[in-house]
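**Student:** A structural model of the following input is requested.
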Amino acid sequence: MKNNNFKQLLLGIVIGISIAFLTMDIYVRINPTAPAPSNNNLIHKNVTIVENSISEAIEEIYDAVVFINNYSGNSIVSTGTGFVYKADNKYAYLLTNHHVVENSTRIEIINSDREKADAYLLGSDKYADIAVLRVSKNAVKKVAKLGNLENNNIGDTVFTVGSPMGIEFFGTITKGVISGKERFVDTDEITMRVIQTDAAINPGNSGGPLVNIMGEVIGVNTLKFVKAEVEGMGFAIPIDDAMKYAEKLEKGEKIVRPLLGVTLVDIENLFYSPQLKIDKNIKSGAVINNVYDNTPASRAGLKTNDIIIKVNEIEVPNIAYLRYTLYQYNIGDTITLTIIRDGKEIQKQVKLDMALD
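**Tutor:** Predicted structure coming up:
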């Protein structure tokens with residue numbers, strides 16, 4: 001009796017093991033992606049690499065780009081790139097850099113069909129490095145689509161269209177990513193907001209478009225802010241800012257920036273100005289080092305050691321951001337500055353009635 005029970009138990013074990021192996025084999029066959037049993041539990045995955053192409057985006061912008069010759073007398077003194085940002089029934093309007101067309105006696109554009117036309121300079125601003133040109137509508141082939149910086153992020157693919165080294169390399173494409181969105185650089189007494197990119201911006205690319213993968217212009221390339229010893233760091237003026245300047249320059253108006261009338265020190269640089277006495281717990285803001293007489297700042301009652309932290313509720317963590325924010329206002333505007341004085345926040349109304357020379 002005992003032998004029969006033992007045989008039945010042994011038979012049951014054998015059948016159970018066989019069913020287990022059969023089940024595993026069926027599962028693997030039905031699910032070929034299922035991991036095969038192994039001692040180290042390795043999992044293998046199929047990876048598909050897709051090549052990203054910007055060819056469609058290039059088609060959107062390519063024929064809106066022009067090559068620019070800057071003449072002094074009969075000689076070409078500089079060259080660059082520009083692009084058509086709008087057109088009406090008679091004229092087309094182009095953006096480029098101020099330094100591309102500076103001191104010109106004649107400006108010539110060449111489109112993607114190598115057709116030449118004279119351009120008229122409507123206005124330019126050396127501080128912003130922006131210039132607006134006008135040509136006959138028949139001289140251009142396409143109008144660029146304009147985007148905005150806000151809808152683009154760090155790491156997004158961008159490319160430039162330009163003519164490095166001259167007309168023989170017209171329409172050269174260089175590709176990269178947005179490396180930084182809210183960069184501020186100081187030049188010629190003003191502060192500019194710029195887009196940082198690792199797309200190559202070479203001589204001849206100045207004034208050309210920085211374009212996203214939708215084929216929209218998001219910036220105007222400029223070499224003005226680039227240091228020769230730094231590689232892989234290019235800059236473009238955000239199209240949002242460029243168009244604010246273009247609206248005035250197009251009408252022949254001069255860009256006038258308001259003067260506050262102070263000298264400033266960043267919180268992080270206070271060790272250079274030991275005479276300023278600031279609470280060590282304050283980590284950001286622009287400290288007033290000196291207030292000039294008969295200026296908007298003096299008339300508003302600003303004082304040495306005041307720390308400016310806001311302009312009309314916009315936080316200003318440092319001097320660069322303060323200047324950039326200030327230059328968004330017009331002569332005659334009144335702004336509210338939030339300052340810290342003797343450990344307390346107070347507000348001062350400042351009428352911007354003087355212009356930066």
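**Student:** which residue is nearest the centroid of this structure?
**Tutor:** What sits nearest the mean C-alpha location of the chain, by Cα atoms, centre = their mean, is residue 195, with 2.1 Å.
**Student:** look at it and report its pLDDT.
**Tutor:** With respect to pLDDT, residue 195 has a value of 95.
**Student:** and stretch 181-198, how far apart are its ends?
**Tutor:** Counting by Cα to Cα, to the nearest Å, you get 12 Å between the two ends of stretch 181-198.
**Student:** now do the buried residues in the helix or strand harbouring residue 108.
**Tutor:** Using DSSP states H and E, residue 108 sits within strand 106-110. For strand 106-110, burial by neighbour count (16 or more other Cβ atoms under 10 Å) applies to 107, 108, 109, 110. Every C-beta, even on glycine, is put in place using the N, C-alpha and C of the backbone.
**Student:** repeat that for stretch 329-336.
**Tutor:** Buried residues in stretch 329-336, counting neighbours by 16+ other Cβ under 10 Å, are found at 329, 335.
**Student:** picking that back up, residues contacting the residue nearest to the centre of the chain?
**Tutor:** Residues in contact with residue 195 (Cβ atoms under 8 Å, 6 or more residues apart in numbering) are 149, 178, 180, 181, 183, 210, 218, 219, 235, 236, 237, 238.
**Student:** the first one: neighbour count?
**Tutor:** So the one you mean is residue 149. Neighbourhood size, residue 149 [other Cβ atoms under 10 Å]: 20.
**Student:** check what pLDDT it gets.
**Tutor:** If you check residue 149, the pLDDT there is 91.
**Student:** that one contacts residue 237, doesn't it?
**Tutor:** No - taking contacts as Cβ atoms under 8 Å, residue 149 lies outside contact range of residue 237: 10.1 Å.
**Student:** so for the two, which residues contact both of them?
**Tutor:** Counting by Cβ under 8 Å, 6+ apart, the common neighbours of residue 149 and residue 237 are 195, 219.
**Student:** ok, residue 53 to residue 174 distance?
**Tutor:** Shown here: residue 53 relative to residue 174, a distance of 15 Å by Cβ to Cβ, to the nearest Å.
**Student:** what about the two, which has more around it?
**Tutor:** residue 174 (20 against 9).
**Student:** buried residues in the helix or strand harbouring the more buried one?
**Tutor:** Residue 174 is located in strand 172-187, with elements delineated by DSSP H and E. Neighbour counts using 16+ other Cβ under 10 Å place 172, 173, 174, 175, 176, 178, 179, 181, 185 of strand 172-187 among the buried residues.
**Student:** any idea which of those residues is closest to residue 313?
**Tutor:** Relative to residue 313, the closest of those is residue 181; by Cβ to Cβ it sits at 21.2 Å.
**Student:** for that closest one, give me its contacts.
**Tutor:** With contacts defined as Cβ under 8 Å, 6+ apart, the neighbours of residue 181 are 149, 152, 153, 154, 195, 196.
**Student:** and the second one, how many neighbours does it have?
**Tutor:** Looking back up the chat, that one is residue 152. Around residue 152 there are 22 residues (other Cβ under 10 Å).
**Student:** quick one, phi psi at it?
**Tutor:** Torsion angles at residue 152 (phi, psi; degrees, to the nearest 10) stand at phi -120, psi 150.
**Student:** enumerate every residue touching it.
**Tutor:** 158, 178, 181, 212, 218.
**Student:** how close does the fourth one get to residue 175?
**Tutor:** In this structure, residue 212 and residue 175 are 11 Å apart, going by Cβ to Cβ.
**Student:** shared neighbours, the two?
**Tutor:** Contact criterion Cβ under 8 Å, 6+ apart; residues shared by residue 212 and residue 175: 157, 158.
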